[in-house]
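# give the three-dimensional model of this entry:
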Amino acid sequence: MKALVALILLVQLPIHKAVPAAPPAPLGCDDPESEAAAEAAVNYINGQSHHGYKFALNRIEDIRVVRQGPNNDIIFLELDLLETTCPILSPTPLENCTVRSFVEHAVEGDCDVKLQKVDGILSVLGSKCHSHADSTEDIRKACPDCPVLAKMNNTEVLETVSAALNAYNSKTTDSYLRLLEIGRAKIQYHPGHIVVTEFAVGATNCSAEEAKANVGACQLLPEDQSNFGFCRAVMVKSPSQDLQVDCQLYGHQVPAPDIPLLSWVFYPTGQDTSAGLAPSAVGVTNHNLGLFHNNPVASESSSSEILRSMLSAKKRPVAKAAQHDKVPRPVGFVPPPPPCPGKIRHFDI
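Residues are numbered from 1 along each chain as shown. You can find the predicted model right below:
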C-alpha cells in the first residue's frame, strides 16, 4: 500500500523540462561586436588580394548571427569597402592608409563574408567580393575638370609607364626594376595634356648597369630576397613636355604562410599592349576585387557550401521595424537609429 501511494505521489510531481538556450540578441551594424567582426573580415580580404590596393571599411550593410552551440556563432556580414592609396604589397598598416577621395575617382568594394566565433575568437570561413569604380558622370558633377580613370591598357598609359621605368632605371645605382603591374591611371586633356600612372615594380638580380648589357637575363629576386615597390609617374605632353617619376621600394617582406609574394602576374615591360596587367584587368580602369575565397584551415572548407550559406542568409526575410508612430513619446524624444545599415565612415558612392 505504501509503495502504491509513493508511486501516485511521484506521478503527480511536476516535470521540469530543459529550457533551450535563448537565441543571441540581434546585433546592430554599429555594435562593437559587429565592428570587431568587420575588422577581421577586412584584414582577411586584404590578405587574400594580390592586385591593386588595400581596401578600408566604409559601412557595415548587414549582419546576421546564427547560434551553433554554446559560445559558437556563425556570423554573416555584408560590407561596403573603399579603395585606399596603399598598394596591396605596401607594409603600411591599414589604419595608416588614406582612403582615396571621391574626386580622385573612388573605387568601391562589396563583400559578403562568413565568420565563426568560438569562445570569443573570430575566424573567417570565406568571402565573396567584387569592386567597381564610381561612374564618370558622378565625378563630372562634383568636379567637371577632374580627370577620370583611364583604361590600364590605354596606349598613352603604357607609353608613360614604359618611359618612366626606363628613366628611373637609367639613373639608379641600385637594382634594375621590372614592372609587376599597373595599378591605375588618369589622363587629363585640359588645360594641359597630362598622363598620371601608378604601377608596382620588383627588384631584379641585376644592377641597372648590368641590365644595359643583357636585360633579358634580369630576373626578379627569389622569394627569400624579394623587394617590391611602387612608382608614380606624371608625363606632361602639352603645352610643354616633361616626365617625373618617383619610386619607393619596401624592402624584403616575409609573406604569410599561405600567401606567396611572387603570386603577382608578371609581364616584362613592352612585351605587348597588356604588359604589366593581369588578364582580368585588360580593358578596364581598376583592378576588380573579384575575390571568392574559403579559408583552408577553417572548420568549414567547402567553398560551395560557404557560398550557399551566404546566399541563403541573404534571402532570409528581415523583420519589419517596430511601429513607433502610435506610441506616445516624451517631448524631445529622438528614436534610436535602425540597427542596420550602419554609419558611413567616409562617403557614399
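
# where do the strands of the protein begin and end?
Per DSSP state E, the chain carries strands over the ranges 53-69, 72-87, 107-118, 121-133, 175-188, 193-207, 228-238, 242-249, 291-294.

# could those strands be laid out in TSV, adding distance to A217?
(C-beta placed from N, C-alpha, C; glycine too.) Listed next are these as TSV, based on distance: least, C-beta to C-beta, whole Å:
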stretch	distance to A217
strand 53-69	32
strand 72-87	27
strand 107-118	37
strand 121-133	37
strand 175-188	10
strand 193-207	7
strand 228-238	20
strand 242-249	21
strand 291-294	35
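
# quick one: which of the ones you listed is nearest S101?
Closest approach to S101 among the strands of the chain is made by strand 72-87 (9.3 Å; C-beta to C-beta).

# just for the stretch 151-300 of the chain, where's the confidence low?
255-283, 290-300 (pLDDT under 70).

# please repeat the previous calculation with a cut-off of 50.
For the stretch 151-300 of the chain, the stretches with pLDDT under 50 are 260, 262-275, 300.

# between the strands of the chain, which one is nearest to I349?
Smallest distance to I349 across the strands of the chain (C-beta to C-beta): 5.3 Å, for strand 107-118.

# pLDDT averaged over that closest one - what is it?
The pLDDT scores in strand 107-118 average 96.

# buried sites along it?
V107, E108, G109, C111, D112, V113, K114, L115, Q116, K117 (16 or more other C-beta atoms under 10 Å).

# stretch 124-141 too?
Using 16+ other C-beta under 10 Å as the test for burial, stretch 124-141 gives V124, L125, G126, S127, K128, C129, S131, A133, D134, D138, I139.

# excluding chain neighbours, what is closest to S123?
Closest residue to S123 apart from its sequence neighbours, by C-beta to C-beta, 6 or more residues apart in numbering: Q116 at 5.4 Å.

# ok so, going back, can you list the buried residues of stretch 124-141 in CSV and add pLDDT and distance to E159?
Below are these laid out as CSV (pLDDT from 0 to 100; distance: C-beta to C-beta, whole Å):
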residue, pLDDT, distance to E159
V124, 95, 41
L125, 95, 45
G126, 92, 41
S127, 93, 37
K128, 94, 37
C129, 94, 32
S131, 92, 27
A133, 92, 22
D134, 92, 26
D138, 92, 29
I139, 91, 24
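
# which among those gets closest to T84?
S131 (12.3 Å).

# what bridges to that closest one?
Note on S131: beta-bridge partners G109, judged by DSSP bridges.

# what residues are bridge-paired with the spatially most central residue of the chain?
Closest to where the C-alpha atoms of the chain average out (C-alpha atoms, centre = their mean) is F55, at 3.8 Å. Here F55 sits in beta bridges with E83, going by DSSP bridges.

# next one: it relative to V99, how far apart?
Applying C-beta to C-beta, to the nearest Å, the value for F55 to V99 is 9 Å.

# which neighbours do the two have in common?
Residues touching both F55 and V99 (C-beta atoms under 8 Å, 6 or more residues apart in numbering): L82, E83, T84.

# can you redo the residues you listed as TSV with neighbour count?
Shown next, in TSV, are those (neighbours: other C-beta atoms under 10 Å):
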residue	neighbour count
L82	23
E83	26
T84	21
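
# ok, those residues vs T160, which is closest?
Of all the shared contacts of F55 and V99, E83 has the smallest distance to T160: 20.9 Å, by C-beta to C-beta.

# pretty sure the closest one contacts N58?
No - taking contacts as C-beta atoms under 8 Å, E83 lies outside contact range of N58: 10.0 Å.

# now the common contact residues for the two.
Common neighbours of E83 and N58, using C-beta under 8 Å, 6+ apart, are V99, E108.

# how does the chain divide into domains?
Structural domains annotated on the chain: 23-148, 149-254, as defined by the TED database.

# could you say which one of those domains comes nearest to P341?
Judged by C-beta to C-beta, the one of these that comes nearest to P341 is domain 23-148, at 4.7 Å.

# and the residue nearest to Q225 when sequence neighbours are not counted, what does it touch?
Spatial nearest neighbour of Q225, excluding adjacent residues (C-beta to C-beta, 6+ apart): H252 at 6.2 Å. By C-beta under 8 Å, 6+ apart, the contact set of H252 is D224, Q225, S226, N227.

# ditto for T98
With contact set as C-beta under 8 Å, 6+ apart, T98 has these partners: T84, T85, C86.

# go on, Q219?
Per C-beta under 8 Å, 6+ apart, neighbours of Q219: T204, N205.

# N166 versus that one, what's the distance?
For Q219 relative to N166 (C-beta to C-beta), the value is 18 Å.

# again, but for T92
Distance of T92 to N166, given as C-beta to C-beta: 27 Å.
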